[in-house]
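Visitor: Make a model of this:
(chains A and B)
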Amino acid sequence: MHDHDPDLIMALAEGATDLPEAVGAAIGSCDACAADLAAQQLAIAALRTAPRAGLTELESARLLRNLDTALGHQRAMATTPIAPERRRISWAPAFGIAAVVLALVLVVPALDLLGGGDDAGDFQGALSTATTAAAAAEERSTADVAAAPEAAGGDFSAAATTVPAADGGSSLTNAESADAALPLTLVRLRSLIAAEGDDPDKTRDSVAAVASLTQATTTDACLTEGRLVAGSATLSYTLGVLPIVTTGDDEAGDPQLVTVTVHQLASGELWLVAHEPQTCDTLATLP
Amino acid sequence: MTDRTIDIAMVERYVAGDLDAFDDLVRRHQDRVFAVCLRMLRDRDAALDAMQDTFVMLFRKADRYKAEAAFSTWLYRVTVNVCYDHLRRRRRRPIDPLPDTTELPDTRTEDAYAAVEVRPAIEEALAGVSVEFRAAVVLVDLQGLSLETAADVLGVPIGTVKSRVFRGRRMLAEALGNLRPPQRHQKG
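Guide: Residues are numbered from 1 along each chain as shown, chains lettered A, B, ... in the order given. As a prediction, this is how the structure comes out:
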């Protein structure tokens, strides 16, 4: 009697030499086993003699080029950490832009420009610009945004992130706000950033019909992620992260991307903190 | 340094922010990733797309690689999953692949004529093997992975991989048209 044993048939097909002769004889005496053995041998031979599937030089070059295109923005954000002796970047432009943004954050609610909360028509434009401006932030937040705690419509719950101050002094926490104005401020903030790049008038004054805003800290020390919902549209964003290109004077003369976040001390004093985008290391602070 | 330690060092450099290390990883693994994609998808353009998607995933998720397994094993897993995604999408929106005759000869093979003549037969035969069995056959017989590593890549027990390889080879042989279907087994 002989059992139809695929393991033995595979072993024989692969050229195992340590099997008892009786096994080979048994398989040879069984039509189905012999057919399976022949099939295994044929497939193995066909596969192992198949030409190698390689890329042509052209395809290889195109791959790197396509990756550059597909990942362009993220690659720019993922700059190589700068060696200490090369870190001679002027932070003034970054802080200057962040200061303007901060001013917007504080001034816009005071001007009571939030009345258009039901103007859903403009949201798509704002969303579009905000999405462009916060492309990197979106990229990072989309995957994990589901972790954000759901909040009631219109509610804003800012979670605190702690970042050590560069001078080793008091720690800083993300600006906390229960101000219902923040959704609009956020959109305006994104619009402002977008305006730094292309079309200043595009959506600067767009008003979002914000249904809800949820927010949570992330695994990255310097990021706070959230999700803004208006109608059927959803914008995932990273609050307080402003990818600003400075005109640093590093050796290569290349502009450097930094992440700037706004923090608030317990005393109420506001600080701007520049981070290295990937490691979130604090590079500089400005009260 | 072994291949494994070289890979780990490259990943660590990349995760630390060295983009050149990412490019090095791409160059180092592009052929094996492409080979799996091509055999799985059977269409060169689709394979190129899937390869690019695989490296985009690597770019975004390299920090999730834990050095407990070989980097190539982890990358194979990403590759196979990307191929499954492409096949799922293709099922939803079927696209006829270009005729084999329009494919470029593989310039890296020693015999370009052989590449042109043999590839369609193998690839057409592979197309006759269902996806899960095809993945096992491609990893074990074409990429030379051990059953254990293939099991790790596919996330199934070794016995399952062995069974898939066995049945996949049988399907392949039948598809090659050189073997009549095995008769039902009769114990004797």
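Visitor: what stretches of chain B score poorly on pLDDT?
Guide: B:92-120, B:178-188 (pLDDT under 70).
Visitor: centroid residue for it?
Guide: For chain B, the residue nearest the mean C-alpha position is residue B:36 (2.0 Å; CA atoms, centre = their mean).
Visitor: contacting residues around that residue?
Guide: If you count contacts by CB atoms under 8 Å, 6 or more residues apart in numbering or on different chains, residue B:36 has them with B:76, B:79, B:80, B:83, B:138, B:139, B:142, B:143. Glycine gets a C-beta too; all of them are placed from N, C-alpha and C.
Visitor: gap between it and residue B:13?
Guide: As judged by CB to CB, to the nearest Å, residue B:36 and residue B:13 stand 25 Å apart.
Visitor: Which residue ranges make up each domain of the chain?
Guide: All of this is about chain A. A:1-72, A:89-286 (automatic domain parsing).
Visitor: oops, chain B please
Guide: By the assignment in automatic domain parsing, chain B contains the domains B:1-98, B:102-188.
Visitor: So for residue A:45, which of the ones you listed sits nearest?
Guide: Closest to residue A:45 of these, according to CB to CB: domain B:102-188, at 9.7 Å.
Visitor: ok, and does stretch B:123-138 reach over to chain A?
Guide: Yes: against chain A, stretch B:123-138 shows contacts by CB under 8 Å from any CB of the partner chain at B:125, B:137.
Visitor: From the rest of the structure, what touches that stretch?
Guide: A:43, A:46-47, B:36, B:38-40, B:42, B:80, B:83-84, B:87, B:100, B:150, B:154, B:161, B:164-165, B:167-169, B:171-172, B:174-176.
Visitor: And stretch B:37-44, by the same measure?
Guide: Residues outside stretch B:37-44 that contact it (CB under 8 Å, 6+ apart) are A:53, B:46-48, B:50-51, B:54, B:79-80, B:82-83, B:86-87, B:90, B:97-98, B:103-104, B:123-124, B:126-127, B:131, B:134-135, B:138, B:142.
Visitor: Return the subset of the residues you listed lying in helices.
Guide: In helices, defined here by DSSP state H, the members of the contacts of stretch B:37-44 are B:46-48, B:50-51, B:54, B:79-80, B:82-83, B:86-87, B:90, B:123-124, B:126-127, B:131, B:134-135.
Visitor: Derive a ChimeraX selection command for the buried subset of these.
Guide: To isolate the buried members of the ones in helices among the contacts of stretch B:37-44 in ChimeraX, using 16 or more other CB atoms under 10 Å in any protein chain shown:
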select /B:46,47,48,50,51,54,79,80,82,83,86,87,123,126,134,135
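Visitor: For the helix or strand harbouring residue A:38, list the C-alpha coordinates in PDB.
Guide: Assigned by DSSP states H and E, residue A:38 belongs to helix A:31-48. C-alpha atoms of helix A:31-48 as PDB (Å, rounded to 0.1, in the frame of the first residue of the first chain):
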ATOM      1  CA  ASP A  31      -0.200   6.600 -11.600                       C
ATOM      2  CA  ALA A  32      -1.500   9.600  -9.800                       C
ATOM      3  CA  CYS A  33       1.700  10.000  -7.900                       C
ATOM      4  CA  ALA A  34       3.800   9.600 -11.000                       C
ATOM      5  CA  ALA A  35       1.700  12.200 -12.800                       C
ATOM      6  CA  ASP A  36       2.100  14.600  -9.900                       C
ATOM      7  CA  LEU A  37       5.800  14.000  -9.800                       C
ATOM      8  CA  ALA A  38       6.100  14.700 -13.500                       C
ATOM      9  CA  ALA A  39       4.000  17.900 -13.100                       C
ATOM     10  CA  GLN A  40       6.200  19.100 -10.200                       C
ATOM     11  CA  GLN A  41       9.300  18.400 -12.200                       C
ATOM     12  CA  LEU A  42       8.000  20.100 -15.300                       C
ATOM     13  CA  ALA A  43       6.900  23.200 -13.400                       C
ATOM     14  CA  ILE A  44      10.200  23.400 -11.500                       C
ATOM     15  CA  ALA A  45      12.200  23.100 -14.700                       C
ATOM     16  CA  ALA A  46      10.100  25.700 -16.400                       C
ATOM     17  CA  LEU A  47      10.300  28.200 -13.500                       C
ATOM     18  CA  ARG A  48      14.000  27.700 -12.800                       C
END
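Visitor: elements contacting the helix or strand following that helix?
Guide: Using DSSP H and E, the helix or strand that follows helix A:31-48 in sequence is helix A:57-70. Helix A:57-70 sits against helix B:19-41, helix B:44-61, with contacts defined as 3 or more CB pairs under 8 Å, 6 or more residues apart in numbering or on different chains; DSSP states H and E.
Visitor: And the residue nearest to the centre of chain B, how far from residue B:165?
Guide: From residue B:36 over to residue B:165 the distance is 15 Å, taken as CB to CB.
Visitor: One more: residue B:7?
Guide: 26 Å.
Visitor: do the same with residue B:22
Guide: Residue B:22 is 33 Å from residue B:165, by CB to CB.
Visitor: Repeat that for residue B:155.
Guide: Shown here: residue B:155 relative to residue B:165, a distance of 16 Å by CB to CB.
Visitor: These two: which has the busier surroundings?
Guide: Set side by side, residue B:155 and residue B:165 show more neighbours around residue B:165, with 25 against 10, by other CB atoms under 10 Å in any protein chain shown.
Visitor: Since that was my last question, I'll sign off now.
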